[in-house]
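Enquirer: generate coordinates for the sequence data below:
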Amino acid sequence: MTSNNYLYLQNLMKPPATKTIINALIANKSDVRFVGGCVRDAILNRSINDIDIATTDHPKQVLKLLNLANINVISTDITHGTTRAIIDKMNFEITTLRSDVETFGRNANVKFINDWNVDATRRDFTINAIFCCPDGIIFDPLGGLEDLHSGCVRFIGIAQKRIEEDILRILRYFRFYAYYASSIDTEALDACRTQAYKLSNLSGERLCNEMMKIFLSPNPVNVLLLMRDYDVLKYILPQARDFKRLSMLVSLENNHFSKNPLRRLASILSNDLDEIITVAKRFNLSRNMTNHLIAMTTELPNISTDNRTIRRIFHKVGTQCFIDIILLSISSRNEDHISSRWLELLNITNNRLAEQLPIHGQDLIDLGVPSGPKIGTLLTKLEYWWEDNDCAFDRNELLIKLKELLILDTVSKS
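Expert: Model prediction:
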C-alpha cells in the first residue's frame, strides 16, 4: 500500500529478521534500501518471500557489518557485490550499488558506486528499479510505480539493447508479465520475438529456473500462449501442446491442491517418451525429476482402469507422483467436477489400494536365496499375486506363498 511516495511497511518490516538485518547494515550510518520483488509485492499487498536490499557500502564492509551482528552469511560474491544471508529461515540478498562496465550474458564487469540513479538504469525493468528506504520513503527514478499500478512491464531503455546484453531477459520479461502485467508492450514483445532464436544457446539451468517460475504463476496458460504467438516458445519448449489440459489443472489446483511446476509442465506434453527425455535434458532436470516427469506423462490411467492396475502404478511411482498422475488424468477429461471414482483414487493413501507388500528381500535371504537379481524377480511375482488377490493376505500367508514360489522355481530348473 502506498500514499504519495510513502510505502506502509507492515508486511516488509514486520518480521524481526528484517529489522535485525537492517539494523546491522545501518550500524555505520550506511544508506540502504529495499529493492526488487519485495518492494513490488509490498506495494501490491502480496505475500513477501526473499528480500533484496541495496546498499552504498562495499561488499567487504557489508560482510564485516553482518559478522559483527553475528548474522549467518551463506555466500559472498565480492566481484559482483552480492552477499547472501539468512535469519530465522528468511533469505536476504544484499547488493552494493554498481554500474556495468561490460556485459556478457549472465555475467558483467562492474564498478561499485554510490549513485542510486545509475544503479537503477542498469536494471532490466522499471518495476524492478523501485527502491524503498527502511522508513517507507519510496525512491522511483524511472517511473516504475506508475507502470506497476498500470500493469505494464517495460524495459529500461531500448528493449532490443537490453535483451542483447543478456538473452535471459526474454524469459524474465514473460515471467514478470505473468505476475504483474495487465497490458501488452508491443516494443518489448517485438524485441523478444526478434532475438528469441538465441534462447537455443541458453543453459538448461537458467532456462529451467525461469520456466518453473512461469509455470508457478497464477495463470501460466495466458503467458505461454503469448510466448507461442510471439515465436518464443518454439525455441525452448516446442513439445508444448495441451494448453487446455493445463488450464483445467490450474483450475483444479486453485480449488483443491497446491501448485506444482513440474506437474504443470507435464500437462502440456504428450506421452511420447523420446520427447519427454528431450525436454528433461533441455531443462537439465535431475534424475529424480526426470523419472517423475516420465511417470506423469506415461502412466496415466483412465476412470475405468481396474484396481489391480491402479495399485501397480501406485507401488511403482510412490504417493506424490501417483497423486500428480491422477490430477493429470482428471485434467485430461475436461470435466468441471471430480467424480467419486477419482476421489477414491486421490484418497488412495488412506485405503487398501495403498498397502505395501509386507515381505522384503531379507525374508528371501532368510529362506536361503542368495543375494542377487533372483530376489527381485521372486518379490515381483509375489507382489503381482498379492495384488491380483486384492492384497487380502497377511504376512504369514504371504510367507507360505513365497515358499511355494521357491519350490516352483526349483522344480522349473531341475
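
Enquirer: scan this protein for its longest helix.
Expert: helix 395-413 (DSSP state H).

Enquirer: mind listing what's buried in that one?
Expert: 398-399, 401-402, 405-406 (16 or more other CB atoms under 10 Å). In this view, the C-beta of every residue, glycine as well, is placed from N, C-alpha and C.

Enquirer: ok, now stretch 158-173?
Expert: 159, 162-163, 165-173.

Enquirer: so which of these comes closest to residue 186?
Expert: Nearest to residue 186, judged by CB to CB, of these is residue 159 at 9.9 Å.

Enquirer: for the closest residue to the closest one other than its chain neighbours, pull up the helix or strand it's in.
Expert: Spatial nearest neighbour of residue 159, excluding adjacent residues (CB to CB, 6 or more residues apart in numbering): residue 191 at 3.8 Å. If you go by DSSP states H and E, residue 191 is part of helix 186-195.

Enquirer: can you list the buried residues in that helix?
Expert: For helix 186-195, the neighbour count (16+ other CB under 10 Å) marks 188-189, 191-192, 195 as buried.

Enquirer: elements contacting whatever helix or strand comes next after it?
Expert: Once helix 186-195 ends, the next helix or strand along the chain (criterion: DSSP H and E) is helix 204-215. Applying 3 or more CB pairs under 8 Å, 6 or more residues apart in numbering; DSSP states H and E, one finds that helix 204-215 contacts helix 169-180, helix 220-229, helix 261-267, helix 273-282.

Enquirer: nearest to residue 391, of those?
Expert: Between those, helix 261-267 lies closest to residue 391; by CB to CB that is 27.6 Å.

Enquirer: how near is residue 90 to residue 17?
Expert: Going from residue 90 to residue 17 by CB to CB, to the nearest Å gives 4 Å.

Enquirer: CSV for the buried residues of stretch 158-173, including distance to residue 118 and pLDDT?
Expert: Below are those laid out as CSV (distance: CB to CB, whole Å; pLDDT from 0 to 100):
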residue, distance to residue 118, pLDDT
159, 20, 96
162, 16, 95
163, 21, 96
165, 16, 92
166, 18, 93
167, 24, 96
168, 22, 96
169, 19, 97
170, 25, 98
171, 26, 98
172, 21, 97
173, 23, 98
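
Enquirer: closest to residue 323 among these?
Expert: Distances from residue 323 to those, taken as CB to CB, are shortest for residue 171 (28.9 Å).

Enquirer: what about the closest one, distance to residue 199?
Expert: Taking CB to CB, one finds residue 171 at 7 Å from residue 199.

Enquirer: identify the contacts common to these two.
Expert: Shared contacts of residue 171 and residue 199 (CB atoms under 8 Å, 6 or more residues apart in numbering): 207, 236.
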